[in-house]
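Novice: Generate a structure from the sequence data that follows.
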Amino acid sequence: DRKNVEISDPVNGTRTKYIFVDLSDPGFPSNPSLIVELVYDTRSIDNTIASLFSTHVAIAAIACVLCLILAGTGTLWITHPIRKIAEDTDRVAHGDLDHGVRVTGGREFVQLETSINAMIATLQEMIRKLRQSEDRIKRYSEALEELVAQRTSELHEANAEANLFLDIMAHDINNAHTASLGYTEMLRDLADPSLRDIANKAVTSIHHGINIIDNVSAMRSLEERETVLKPVDLDAVIRREIESFPDTAISYGGGVHWVLADELLPVVVSNLIDNGRKFSGSRGSVHITVEDAGDEVLVSVEDTGHGIADSLKPEIFHRFVHGKLAGSGKGLGLYIARTLVERYGGTIRAEDRVPGRQDAGAAIRFTLKKAGGTAPPGRERAGPE
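Specialist: All right, here's what the predicted structure looks like:
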């Protein structure tokens, strides 16, 4: 083919190459071309290459091992301070603030350790101050508790003493009122008819004083004891309280109604009659009605005074609301009435006596729960028929 050919003999370690040398000449009839055979012995070269390869592999392996050793050593050298810092900060994090961070080699690590130790020192100082503040607060709290207990004890003693004085005053004033009332009623019955009106005003004035004492006692009862409801003869209560205002024109139709209340129900009726009397004036009148309302009774105390403005109707039952209405007192009567009525389970409201006509007078209406409608067996109705 006039091509060069190379034949390898791995077994004998030789390589034979046949080279075609073209010496042909068209001017000559013969062809002097030659085929040159070259035989190479490759065993020494292969051995040398194999030896070099083994040497390089060994060198590479040694280099890798050295690199690993150096890398491990370097890693240990770098991470050892970090590990020590981590161990120390972990102990600090678990509350051992007395354990500082150990100083290791390296400028950066020293700076980091110094900063952490400074932070720990700051935390220790803050905790020390907090504990001091805690101790002071504890001492103040204990002193305050002792002071509060002492003041509470003194307050209870003062309250008990004040209640004793109030009891004595109420007892003595009521005795004086009772005596004055008795003498005044005797004088009214014996006096000239022209003086009877003055005697009635005196009787009303004495009853007003009694009403003030009753209001004070009612306020104490509201704050000191729980309301226990029982059947009360409403008709007897109303009739008895009407007798306390002989100089006021009061109309009442009557009717047997037993309601759930307590011994303070007369205070409600007395305050409402007194309220109507004050706003009606000397020429006015008070009208009381009791109506059946299912399980309740509706009591209305109406007067012929100047009425109550719509804006004031919701406010007049609040404590110490006074001075906005002509002739108003200290604002306790209607507040006590509302408080008692609500304790009895009823409601109370202010309305116009004639719907839509404020100037025709006011009406205070309240409800009470029925207690059966008739007097319990063996009980007489309190008050006159």
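Novice: C-alpha from now on. contacts and neighbour counts both.
Specialist: OK.
Novice: Identify the nearest residue to residue 341 in space, disregarding sequence-adjacent positions?
Specialist: residue 347 (6.2 Å; Cα to Cα, 6 or more residues apart in numbering).
Novice: correct me, but the one you found touches residue 366?
Specialist: Yes. With contacts defined as Cα atoms under 8 Å, residue 347 counts as touching residue 366 at a distance of 5.4 Å.
Novice: ok so, going back, could you check the pLDDT of the residue nearest to residue 341?
Specialist: Listed pLDDT for residue 347 reads 95.
Novice: how far away is it from residue 62?
Specialist: 104 Å (Cα to Cα, to the nearest Å).
Novice: Find residues that contact each of residue 347 and residue 366.
Specialist: residue 341 (Cα atoms under 8 Å, 6 or more residues apart in numbering).
Novice: Which residue of those two possesses the greater neighbour count?
Specialist: Taking neighbours as other Cα atoms under 10 Å, residue 347 and residue 366 compare with residue 366 leading, 22 against 16.
Novice: Can you name every helix or strand that the host helix or strand of residue 48 contacts?
Specialist: Residue 48 belongs to helix 43-93 when assigned by DSSP states H and E. Judged by 3 or more Cα pairs under 8 Å, 6 or more residues apart in numbering; DSSP states H and E, helix 43-93 is in contact with helix 107-190.
Novice: Outline the domain layout of this structure.
Specialist: Split into domains by automatic domain parsing, the chain comes to 5-90, 227-369.
Novice: most packed of those domains?
Specialist: Comparing these by mean neighbour count (mean count of other Cα atoms under 10 Å), domain 227-369 comes out on top with a mean of 19.
Novice: before we move on, the earlier item: next one: the residue nearest to residue 341 from residue 309, what distance?
Specialist: For residue 347 relative to residue 309 (Cα to Cα), the value is 20 Å.
Novice: same thing with residue 245?
Specialist: Residue 245 is 26 Å from residue 309, by Cα to Cα.
Novice: Report the central residue of this structure.
Specialist: Note on the chain: the residue nearest the mean C-alpha position is residue 141, at 22.7 Å, using Cα atoms, centre = their mean.
Novice: show me the contacts for it.
Specialist: By Cα under 8 Å, 6+ apart, residue 141 has no neighbours at all.
Novice: could the domains of the chain go into JSON lines alongside distance to residue 180?
Specialist: As requested, the domains of the chain are exported to JSON lines (distance: least, Cα to Cα, whole Å):
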{"stretch": "domain 5-90", "distance to residue 180": "90"}
{"stretch": "domain 227-369", "distance to residue 180": "13"}
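Novice: Out of these, which gets nearest to residue 121?
Specialist: Ranking the domains of the chain by proximity to residue 121 (Cα to Cα) places domain 5-90 first, at 12.9 Å.
Novice: need the helices for the stretch 151-300 of the chain, in chain order.
Specialist: Per DSSP state H, counting those that start in this stretch, the stretch 151-300 of the chain carries helices over the ranges 193-224, 234-242, 265-280.
Novice: and those helices, which one is worst for confidence?
Specialist: Among those, helix 193-224 scores lowest, at a mean of 67.
Novice: coming back round to it: now do the contacts for the residue nearest to residue 341.
Specialist: 338, 341, 366, 367, 368.
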